[in-house]
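Trainee: give the three-dimensional model of this entry:
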Amino acid sequence: MTIAEKMLRQFDEEFGYTRAFLALVPDEKLLWKPHEKSMELGRLAWHLTDFPEWTVLTLTTDHYAMTPEEGEKAMSGWKGMKRADMLARFDGDLPQARAALEATSDEEMARTWTMEWNGETIVNDLREDVYRKWTIGHMVHHRAQLGVYLRLLGIAIPGCYGPSADEMAQERAAAA
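Mentor: Model (predicted):
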């Protein structure tokens with residue numbers, strides 16, 4: 001079994017969990033943020049829709065260079081979007097991401113992948129490690145942030161690695 005084949009189950013699970021969280025984003029709260037230093041709910045949700053595309057980029061190229069202007073454009077792309085737009089982007093890019101993972105050989109996983117920001121190298125690691133850290137781990141981190149945002153807005157959170165507190169409360173209420 002190849003490295004990519006071993007990663008497919010986690011890919012399906014983590015991207016599935018992320019989609020479930022994105023499906024809960026309320027259109028009327030996209031400008032809301034829990035703290036002045038936090039990003040807006042819409043920006044955070046839009047950032048989560050980047051990860052299928054990032055998967056393709058990580059697995060099909062050896063190098064990516066981003067300018068501050070491109071970064072700003074990426075971070076403002078959510079403005080004017082609604083939940084349906086975000087889900088359409090996420091769902092539209094996901095099949096290509098899964099296909100890219102399926103097609104990546106062990107030899108390709110062992111190649112170095114580099115990312116530059118404004119001419120400075122910020123990632124220079126094996127593709128396998130970049131995929132694990134900067135795609136899956138990074139997505140899980142931001143999904144957890146989204147969970148906190150949703151919780152603060154009073155929206156029930158789905159479970160990922162077992163039932164959530166909301167699901168457990170529903171089960172207790174149904175049993176009573």
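Trainee: okay, CA-based contacts and neighbour counts for the rest of this
Mentor: Fine.
Trainee: using CSV, list the CA coordinates for the worst-scoring helix or strand of the chain on mean pLDDT.
Mentor: Least confident element among the helices and strands of the chain, by mean pLDDT, DSSP states H and E: helix 68-76 (a mean of 84). Extracted in CSV, the C-alpha atoms of helix 68-76 (Å, rounded to 0.1, in the frame of the first residue of the first chain):
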residue,chain,number,x,y,z
PRO,A,68,1.7,40.0,-0.6
GLU,A,69,-0.7,41.2,-3.3
GLU,A,70,-1.8,37.6,-4.1
GLY,A,71,-2.1,36.9,-0.3
GLU,A,72,-4.3,39.9,0.2
LYS,A,73,-6.5,39.0,-2.8
ALA,A,74,-6.8,35.4,-1.3
MET,A,75,-7.8,36.7,2.1
SER,A,76,-10.4,39.2,0.7
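Trainee: tell me the strands beside the one helix or strand Asp125 maps to, with direction?
Mentor: Using DSSP states H and E, Asp125 sits in strand 120-126. Counting by DSSP bridges, the strands paired with strand 120-126 are strand 112-117 (antiparallel).
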